[in-house]
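In: My questions concern the predicted model and sequence given below.
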Amino acid sequence: MNIRLASVVRQPSSLIGPAAIALAMCLSLAGCGRQDADSTAGKVTSYQGKPDTPPWDGSRWHGDRQSWERDIDARAQNQNDYVRIPN
């Protein structure tokens, strides 16, 4: 009985393909883990920056909200192509 060992035992070069696939799968799954990052040096309880003001409190409208809304609506109509193009 003549059994060739080459047909039974796998060659090392034939193991490279499955090993490369297994390595690629392990590396791709390694990026799926969740890591909590704490980027703050200390716990900040409130916003420390400049306080926001309403847009109508500027120098042009002097706190008049209705005037500001009319100007915003007029600006939107000036940018509307359906209104700008003559029939």
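Out: Thanks, I have the structure now.
In: rest of the way, CA atoms for contacts and neighbours
Out: OK.
In: Roughly how far does residue 22 sit from residue 74?
Out: Per CA to CA, to the nearest Å, residue 22 is found 63 Å from residue 74.
In: how about low-confidence regions in the chain?
Out: Applying pLDDT under 70 to the chain picks out residues 1-15, 35-44, 87.
In: try 90 this time
Out: For the chain, applying pLDDT under 90 flags the ranges 1-62, 77-87.
In: As a check, name the ranges of all helices in it.
Out: Here the chain has its helices, by DSSP state H, at 5-8, 16-30, 65-78, 81-84.
In: and those helices as CSV, adding mean neighbour count?
Out: As requested, the helices of the chain are exported to CSV (neighbours: other CA atoms under 10 Å):
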stretch, mean neighbour count
helix 5-8, 8
helix 16-30, 11
helix 65-78, 12
helix 81-84, 10
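In: Point out the one among these that comes closest to residue 45.
Out: Proximity to residue 45 (CA to CA) singles out helix 65-78 among the helices of the chain, at 32.0 Å.
In: Can you name the residues in contact with that closest one?
Out: 56, 61, 83, 84 (CA atoms under 8 Å, 6 or more residues apart in numbering).
In: again, 6 Å this time
Out: Contacts with helix 65-78, where a contact means CA atoms under 6 Å, 6 or more residues apart in numbering, come from residue 56.
In: Now find how far off-centre that helix is within its chain.
Out: Distance, stretch centre to chain centre, for helix 65-78: 33 Å (CA atoms, centre = their mean, to the nearest Å).
In: now the helices of the chain in JSON lines, with distance to residue 45?
Out: Listed next are the helices of the chain as JSON lines, based on distance: least, CA to CA, whole Å:
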{"stretch": "helix 5-8", "distance to residue 45": "69"}
{"stretch": "helix 16-30", "distance to residue 45": "35"}
{"stretch": "helix 65-78", "distance to residue 45": "32"}
{"stretch": "helix 81-84", "distance to residue 45": "47"}
